[in-house]
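Student: Requesting a structural model of the entry that follows:
(one chain, ligands or ions: 2)
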Amino acid sequence: MGKVNVLDHPVIKHKITILRDKNTGANEFRSLVTEIAMILAYEASKDLSLEEFEMETPITKTTGYRLAGKKQAVVPILRAGLGMVDGVLEVLPAAKIGHIGMYRNEETLEPVEYYCKLPNDIGNRDILVVDPMVATGGSVNDAVERLKERGCKSIKLLCIIAAPEGIKAIQEKHDDVDIFVAQMDENLNENGYIVPGLGDAGDRLFGTK
Ligand code: PRP
Ligand code: URA
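Tutor: Ligands and ions are numbered 1, 2, ... in the order given. Next up, the predicted model:
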């Protein structure tokens, strides 16, 4: 079973409170999403392997360390996932980027895929799927399905706010995906929005409402 890692940290709680506030504007919202994504990527990269090499500081020879092993790819689920890419790249600047475009049908809440462009060697990379919101879990489940069709075996999900229903749905369908979530919220309302949530993440990032 994939692990669910919830960040439990006063700085995260502070930042998420500002994100939730309906009076927070798009500029500040984007900055906070970037900052939280960076912290999630830091947590999710704890298990990366290192190789040792000999190096010299101005004082002495010593052992240095560099990241080794499989390369990464960041895969944002459009649109809102785009807001997390820069933060993840601060931690993993060599990662390639794939895009999966999905929107939720507002009545059925089912995801509709409209775009998919992935690096050619995606199947040989460790994947970080990023989306700030996991509500029913349908968008993430479909994105993971698409990545598995392309041969991806090691997939982690980074999200900022999740509903318990969505996490359960992902675990039921893809129990090999490790999940990193900054904040677990209470539930979904009758319109499929996360409560207390922050509203529509895409609209708040891009100022479309
Ligand atoms: C939002 C969000 C997720 C999805 C979550 O995207 O960014 O992708 O909803 O809902 P789910 O877990 O029930 O699938 P939205 O469909 O609003 O598209 P957008 O990012 O283009 O605004
Ligand atoms: N997508 C969002 O952006 N917000 C929600 O609360 C649910 C889905």
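
Student: measure Ser45 to ligand 1 for me?
Tutor: 23 Å (C-beta to the nearest ligand atom, to the nearest Å). No exception for glycine: its C-beta is placed from N, CA and C like everyone else's.

Student: Determine the number of other residues adjacent to that residue.
Tutor: Neighbour count of Ser45, defined by other C-beta atoms under 10 Å: 17.

Student: Contact partners for it?
Tutor: Contact analysis of Ser45 by C-beta atoms under 8 Å, 6 or more residues apart in numbering lists Val91, Leu92.

Student: and with 10 Å instead?
Tutor: By C-beta atoms under 10 Å, 6 or more residues apart in numbering, the residues touching Ser45 are Leu67, Gln72, Val88, Val91, Leu92, Asp126, Leu128, Lys156, Phe180.

Student: Now do it, the pLDDT please.
Tutor: We have a pLDDT of 96 for Ser45.

Student: same check, this time on Gly2
Tutor: pLDDT, Gly2: 78.

Student: Which positions in this structure make contact with ligand 1?
Tutor: Within reach of ligand 1 by C-beta under 6 Å from any ligand atom, the chain has these residues: 77-80, 102-104, 109, 111, 131-139, 166, 192, 200-202.

Student: which ones among those come in contact with ligand 2?
Tutor: With the criterion set as C-beta under 6 Å from any ligand atom, the members of the residues of the chain next to ligand 1 near ligand 2 are Ala80, Met133, Ala135, Asp200, Ala201, Gly202.

Student: Emit the PyMOL select command for whichever of the residues you listed are buried.
Tutor: The PyMOL command for the buried members of these (criterion: 16 or more other C-beta atoms under 10 Å) is given here:
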select buried, resi 80+133+135+201+202
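
Student: Inside strands: which ones of the ones next to ligand 2 among the residues of the chain next to ligand 1?
Tutor: In this view, those that belong to strands under DSSP state E are Met133.

Student: Going by neighbour count, which of the contacts of Ser45 are buried?
Tutor: Buried among the contacts of Ser45 by 16+ other C-beta under 10 Å: Gln72, Val88, Val91, Leu92, Asp126, Leu128, Lys156, Phe180.

Student: Dump the residues you listed into TSV; add distance to Leu32 as well.
Tutor: Compiled in TSV, those are given as follows (distance: C-beta to C-beta, whole Å):
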residue	distance to Leu32
Gln72	23
Val88	15
Val91	16
Leu92	20
Asp126	26
Leu128	19
Lys156	21
Phe180	17
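
Student: His9: which of those is nearest?
Tutor: Nearest to His9 among the buried ones among the contacts of Ser45, counting by C-beta to C-beta, is Phe180 at 12.4 Å.

Student: Can you name the residues of the chain sitting close to ligand 2?
Tutor: By C-beta under 6 Å from any ligand atom, the residues of the chain that approach ligand 2 are Ala80, Met133, Ala135, Tyr193, Ile194, Gly197, Asp200, Ala201, Gly202.

Student: The fourth one reaches Asp200, doesn't it?
Tutor: Yes - with contact defined as C-beta atoms under 10 Å, Tyr193 counts as touching Asp200 (7.8 Å).
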